[in-house]
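K.L.:
no sequence on this one, just coordinates:
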C-alpha cells in the first residue's frame with residue numbers, strides 16, 4: 001500500500017489488532033506542525049454505520065485532556081477501509097522500543113499509561129486494548145495510543161473478535177468469554193503489563209506466539225501466576241489488578257502505587 005486518501009506512506013511501522021500502521025507524510029491540510037504522522041488502516045470492513053461509530057469514539061477520545069494520551073489527528077474512509085492518523089513517536093513502544101528502556105523508565109511508562117486510562121475512565125471511555133505495543137515511549141515517559149476501535153467494528157465481540165490471539169494475555173478473561181469492556185478490564189491489562197515489564201514474563205508464562213489458539217486455551221484454562229521473584233509491593237499491585245473486578249484498584253490508584261516503584 002502506497003498511501004490512503006492524501007496520506008503518502010513512507011514505510012510500514014508494523015501491524016496490530018485488526019490493522020496495519022504506516023509512517024506517513026503529513027498532508028498540507030492537517031493543521032499540526034509536524035513532518036510525519038502515524039496512520040493506522042483497519043482491516044475490518046467499514047460500513048457507514050461503523051464509520052460513524054468509530055468517528056464518534058475518536059472524537060470523544062481526542063476530547064480527553066491528558067498529556068499521557070497520544071493525540072489523534074484525523075479519520076477517514078476509503079474503498080471500505082477505515083483509517084486514522086495520530087502523532088508519531090519515533091522512540092517506539094514498550095513492545096518494540098527503538099532503544100530498550102531502563103527498568104525504572106519502563107515502569108514509569110506503565111504508570112503513565114494508567115494515568116491516561118484514568119483520564120479516559122473519568123470521561124466515560126474504556127480503552128479496551130492496553131498492552132505494551134500500545135504504550136509509546138517519549139523522553140517524558142509513556143503515552144497510551146490506539147483506542148481499541150476494532151471492537152467498534154465488531155460489536156458484541158467475544159473470543160473470535162479479539163484480533164491477534166497472541167496478545168490475549170492482556171485481556172480480562174471475562175471479556176474473552178463475552179463480558180463487556182469496563183474500566184476494571186483496563187486495570188487487569190495494566191496489572192499484566194506491569195508484571196511483564198518487571199519480571200520479563202507474563203502471568204501465563206511465555207505464550208506460544210505462533211499458535212494463537214493454544215495461547216488462548218492456556219489463558220482460559222490456567223489461573224494467572226505471579227512470579228515469586230517480584231518485589232512484594234509490585235506483586236501486591238499485580239495481584240490486586242487480577243482480583244475480582246469490583247475489588248480492583250482504579251487506574252488512578254494503580255498509577256499512584258506504581259510511582260513508588262521508580
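P.N.:
Received it, and whenever you're ready, just let me know what you need. Bear in mind the structure is a predicted one, so any value in this text is a computation, not a measurement.
K.L.:
where in the stretch 101-250 of the chain is pLDDT low?
P.N.:
Low-confidence segments of the stretch 101-250 of the chain (pLDDT under 70): 148-166.
K.L.:
which stretches of it form strands?
P.N.:
Under the criterion DSSP state E, counting those that start in this stretch, the stretch 101-250 of the chain contains strands at 135-138, 141-144.
K.L.:
Helices of the stretch 101-250 of the chain, residue ranges please.
P.N.:
103-122, 150-153, 173-176, 183-199, 212-221, 232-241 (DSSP state H, counting those that start in this stretch).
K.L.:
Mean neighbour count and distance to residue 40 added to these, as CSV?
P.N.:
C-betas here are computed from N, CA, C, even on glycine. Below are these laid out as CSV (neighbours: other Cβ atoms under 10 Å; distance: least, Cβ to Cβ, whole Å):
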stretch, mean neighbour count, distance to residue 40
helix 103-122, 23, 17
helix 150-153, 22, 10
helix 173-176, 18, 21
helix 183-199, 24, 19
helix 212-221, 16, 21
helix 232-241, 18, 27
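K.L.:
any chance of these in JSON lines, with distance to residue 141 too?
P.N.:
Shown next, in JSON lines, are these (distance: least, Cβ to Cβ, whole Å):
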{"stretch": "helix 103-122", "distance to residue 141": "4"}
{"stretch": "helix 150-153", "distance to residue 141": "26"}
{"stretch": "helix 173-176", "distance to residue 141": "27"}
{"stretch": "helix 183-199", "distance to residue 141": "13"}
{"stretch": "helix 212-221", "distance to residue 141": "29"}
{"stretch": "helix 232-241", "distance to residue 141": "18"}
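K.L.:
The ones you listed: which one's closest to residue 248?
P.N.:
Among the helices of the stretch 101-250 of the chain, the nearest to residue 248 by Cβ to Cβ is helix 183-199 (4.7 Å).
K.L.:
what's the closest one packed up against?
P.N.:
helix 103-122, helix 232-241, helix 251-259 (3 or more Cβ pairs under 8 Å, 6 or more residues apart in numbering; DSSP states H and E).
K.L.:
Kindly calculate the angle that it makes with helix 103-122.
P.N.:
Orientation check (axes from the mean of the first three to the mean of the last three Cα atoms, to 10 degrees): helix 183-199 against helix 103-122 gives 180 degrees.
K.L.:
ok now helix 183-199, how far from the chain's centre?
P.N.:
Taking Cα atoms, centre = their mean, to the nearest Å, one finds helix 183-199 lying 11 Å from the centre of the chain it belongs to.
K.L.:
ok, now stretch 87-103?
P.N.:
Going by Cα atoms, centre = their mean, where stretch 87-103 is centred and where its chain is centred differ by 14 Å.
K.L.:
Go through the strands of the stretch 101-250 of the chain and name the closest to residue 62.
P.N.:
Using Cβ to Cβ, the strands of the stretch 101-250 of the chain put strand 141-144 closest to residue 62, at 13.1 Å.
K.L.:
For the residue of the chain most remote from its centre, pull up the helix or strand it's in.
P.N.:
Of all residues in the chain, residue 28 has its C-alpha farthest from the mean position, at 28.7 Å, by Cα atoms, centre = their mean. Using DSSP states H and E, residue 28 sits within no helix or strand.
K.L.:
same check, this time on the one 10 residues further on
P.N.:
Residue 38 belongs to strand 36-45 when assigned by DSSP H and E.
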